[in-house]
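Undergrad: give me a model of this one.
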Amino acid sequence: MIQAVILASDETHLTNFSGSKVFHALYMTLGNIYGHIRRQPQSGAWVLLAILPSSSFTQTLLNLTSPQSYVKLNKNEAASLPGILKQRLYHECMAIVIDPLCYAKRRSHLVLGPGNKIHSSMACLVGYIADMKEQFMIACVTPKACPICLAQPRLHNSTIQDHCTAKPHTGSSTLDVLYRVRNAHPDVPIWKFRTLVSKEKCGVSGYVEHPFWEDLDVGPSHFICQDLLHGAHKFFWDHPCKWIASLIGTECLDRRISLLPKEGLHHFKSGISKLKQASGREHRDLLKYIAPALAGAPRVTPQFRDFILALLHIIMIIQLPMLDDNILGELDKHFEVMYANADEAISLGLRKNLWIPKLMALTHFVKIFSWVVSQAIGVLKPQKLSTNYSPNHSMVRPTTRTITSPCLRCLQSMRQRGLDMNISSGDLPSNPPNSQTHP
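TA: A predicted model of the protein is given here:
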């Protein structure tokens, strides 16, 4: 039996305007628990695993002579060093927490399973829920890169369809770059190491030399999960909604929304531009008003209208608790419409390019759900395909597309060690896809 470990973390503010103290609260749950139970805040399915420190290193003396290079830091190096130390602190702490999940140290345990039977159980990291900022830090990539694939940003004529054909950004590719630079320059300090890694132009940040997932058998492109709050609802609020307001005018958009009947829990009777504070509930309810407010609006071209409607359909579909082949077919059609009309936002002068990390993350959902529906049914129960709420009681729902591949590798590892898992050998592929190897 596999204990599918799902982690979730978010940078939490302790104080504001008095030092701005923050920390990372790391939560844990199991994919073996029913999805409807994990979505209940009071069920106790999520437990606080660790509190990770986070420091801005404002009191660190950055202008002292470096003991390694015997030169003083210039302005750019001194400005980058706090960020380097902050990310390295996070990865060092995470390495301590997930040490029992490392491939070399992973052990099986006898646990009481369904039907009061004793099973050989092994824990395996299958998901990590984080917002886009933490995804960059976990995957050790730059904000202009994608934590899932190797697509690189374009300054002109950018197309979001490049992410469908780009190769996955595996953990092995990231480690290869870090090892190659360190072996070529074994004595350079950490701030120069970052500069040397950036010259590789492969999207790796170089802030961290030894990621916490270095000894895992899966890379961040497999276990990183998108969440709907930041990746879908807040994305639409921050980008497409502002495009619409810029195109037809803020007053026109507010008037159109205010005239619509109440739908959901909120009625924006004064529009959306005068909201002093908007939470996830407002972000979600706004999606129900955009389509009718956009109908017949001035300066809205048919291509731009189809682009916005396709985004709305995609966001609605990825929230469904269960997916099948028919729904995935509809999702593919909406992605095709989005690809065909995405450049209209550039033609209207709303954007110079479409390199938006959260928009890029949406393009990966079709591959995520296709892999889950086609492969996970034979190994996992259907409820494992559902999406779940995060531990911070918001409406964040991570996709569990990473359960399949890590679990298959873990099952193979248990079988090689001679453990009885009550599963036939025909259910296991000979070579798990996208396996991570270390140099």
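
Undergrad: do a quick rundown of the helices in the stretch 151-300 of the chain.
TA: Ranges of helices within the stretch 151-300 of the chain are 162-165, 171-184, 190-198, 220-223, 228, 234-238, 240-248, 250-258, 280-294, based on DSSP state H, counting those that start in this stretch.

Undergrad: from these, which stretch is densest packed?
TA: Each of the helices of the stretch 151-300 of the chain was scored by mean neighbour count; the highest is helix 220-223, a mean of 26, by mean count of other C-beta atoms under 10 Å. For the C-beta atoms, the positions are set from N, CA and C on the backbone; glycine is no exception.

Undergrad: what packs against it?
TA: Other helices and strands packing on helix 220-223, by 3 or more C-beta pairs under 8 Å, 6 or more residues apart in numbering; DSSP states H and E, are strand 118-129, helix 132-139, helix 171-184, helix 404-416.

Undergrad: can I get the helices of the stretch 151-300 of the chain in a markdown table including distance to K352 and mean pLDDT?
TA: Formatted as a markdown table, the helices of the stretch 151-300 of the chain follow (distance: least, C-beta to C-beta, whole Å; pLDDT from 0 to 100):
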| stretch | distance to K352 | mean pLDDT |
| --- | --- | --- |
| helix 162-165 | 16 | 63 |
| helix 171-184 | 29 | 91 |
| helix 190-198 | 23 | 88 |
| helix 220-223 | 28 | 85 |
| helix 228 | 27 | 79 |
| helix 234-238 | 17 | 91 |
| helix 240-248 | 13 | 93 |
| helix 250-258 | 21 | 92 |
| helix 280-294 | 23 | 88 |
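
Undergrad: P292: which of the helices and strands packed on helix 220-223 is closest?
TA: helix 132-139 (29.4 Å; C-beta to C-beta).

Undergrad: hmm, who's touching the closest one?
TA: For helix 132-139, the surrounding residues in contact (C-beta atoms under 8 Å, 6 or more residues apart in numbering) are 9-11, 87, 90, 128, 130, 142-143, 145, 147, 169, 174, 205, 207, 211, 213, 220-221, 224, 230-231, 357-358, 361.

Undergrad: now those residues: which count as buried?
TA: Among those, the ones that count as buried by 16 or more other C-beta atoms under 10 Å are 9-11, 87, 90, 128, 130, 142, 145, 147, 169, 174, 205, 207, 211, 213, 220-221, 224, 230-231, 357-358, 361.

Undergrad: poorly predicted segments of the stretch 1-150 of the chain, please.
TA: Residue ranges of the stretch 1-150 of the chain with pLDDT under 70: 16-19, 58-73.

Undergrad: the helices in it, which residues?
TA: Ranges of helices within the stretch 1-150 of the chain are 35-38, 75-97, 132-139, based on DSSP H, counting those that start in this stretch.

Undergrad: just those helices: most buried one?
TA: Counting by mean count of other C-beta under 10 Å, helix 132-139 has the highest mean neighbour count of the helices of the stretch 1-150 of the chain, with a mean of 21.
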